[in-house]
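Q: sequence-free structure coming up:
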């Protein structure tokens, strides 16, 4: 009974966080980005001016085609493509959500900068051999649990969320039981591997592509429990964790240097014949605006600092810049974003091509100038 209540609570929490349409999803990320940018530009942020410029540069909408994990517009762009292909991947079949969160994949921000994603990808592929799945590596900050953990210096958990198709629940539970017996999680009492059947596929796709906008907090509760050996009632400590959809700006700024080192398409991986085929289609569509040389040279475009004042005038891309005043950021009410008037299909395609080509040209001009 308690397990069913806990599972229902987690389902309600996930739906409360991401159960809205694409318009609200993009609005959520853009509002959060404006909130963080407002904090960076204010005097409360104690970073040097050069560091502030580098932080603000990660939020430029023209960087979206490069799929940097620190760019909100890149997540919005990727989410649309990811949802379509996941719907095709799980069409007319039962699908499950599998989560792997190991203690050895939790580390400080400094150690996270040198963490190799192949370590967690190879481990998941070894454990899930024989299953078809598409997975996403999530970087989640813990702000009040662990030695020396604060909001400005959190512990980062690299864990994987998998969407499996064509697998039986008992076989997935056997894999989870073996992992829970051999490994432990960061929070005592929480399983290192968890399996559940999901019916809301659209909400699940949004949950996997939410980005690093939230935070996790842990608290301890004492509960009476009967000791069978002595017959006495003792107090047992129980650890509980809860996620918040809006992390404080100081926490997001602390995680941002780590997110800047990764790309969304590389955070995504797969296993099995069907999973690898779906991953190939996702990556091809997500990187369709970049040619092969631009895809391989993306890491050069994000190295070093860059002044926002040096951004060239790209004309129509000004429509992708969102500004909110201070009073609106403080209020809890949600105001609708201004939406462009509908444009013809041919004009939208031309603008998409011009956007990606112009952004790529400016990126490589800046990277070559720094060299």
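A: Cool, the structure landed. Only a predicted model underlies this, so the values are computations on that prediction, with no experimental measurement involved.

Q: use CA for all of it now, contacts and neighbours both
A: Will do.

Q: Run through the residues that contact residue 238.
A: Contacts here follow C-alpha atoms under 8 Å, 6 or more residues apart in numbering; on that basis residue 238 touches 189, 220, 221, 222, 223.

Q: Pick the one among the residues you listed closest to residue 262.
A: residue 189 (30.7 Å; C-alpha to C-alpha).

Q: Residue ranges in the stretch 1-150 of the chain under the pLDDT threshold?
A: Along the stretch 1-150 of the chain, the model assigns pLDDT under 70 to residues 1, 10-24.

Q: Quick one: the strands in it, in order.
A: For the stretch 1-150 of the chain, the strands defined by DSSP state E, counting those that start in this stretch occupy 95-100, 106-107, 132-142.

Q: looking at those, which is buried most?
A: Mean neighbour counts were compared across the strands of the stretch 1-150 of the chain using mean count of other C-alpha atoms under 10 Å; the top stretch is strand 132-142, at a mean of 24.

Q: what separates it from the chain centre, distance-wise?
A: 8 Å (C-alpha atoms, centre = their mean, to the nearest Å).

Q: Equivalent analysis for stretch 124-134, please.
A: Its chain's average C-alpha position is 21 Å from that of stretch 124-134, according to C-alpha atoms, centre = their mean.

Q: one step back: just give me the closest of the contacts of residue 238 to residue 94.
A: residue 189 (28.9 Å).

Q: For that closest one, which non-adjacent residue is spatially closest?
A: Leaving aside its sequence neighbours, residue 189 sits nearest to residue 239 (C-alpha to C-alpha, 6 or more residues apart in numbering; 6.4 Å).

Q: show me what contacts the one you found?
A: Applying C-alpha under 8 Å, 6+ apart, we find residue 239 in contact with 187, 188, 189, 190, 218, 219, 220, 221.

Q: from memory the last one sits against residue 237, does it?
A: Yes - with contact taken as C-alpha atoms under 8 Å, residue 221 and residue 237 are classed as touching, separated by 5.7 Å.

Q: which one of these two has more residues nearby?
A: Per other C-alpha atoms under 10 Å, whichever of residue 221 and residue 237 has more neighbours is residue 237, with 14 against 10.

Q: Doesn't that one belong to a strand?
A: Yes - using DSSP: H, G, I helix; E, B strand; the rest coil, the assignment for residue 237 is a strand.

Q: re the thing from before, now, the contacts of residue 238 that are in strands?
A: Of the contacts of residue 238, the ones assigned to strands by DSSP state E are 220, 221, 222, 223.

Q: tell me which of those is nearest to residue 147?
A: Closest to residue 147, out of all of the ones in strands among the contacts of residue 238 and judged by C-alpha to C-alpha, is residue 220, at 15.6 Å.
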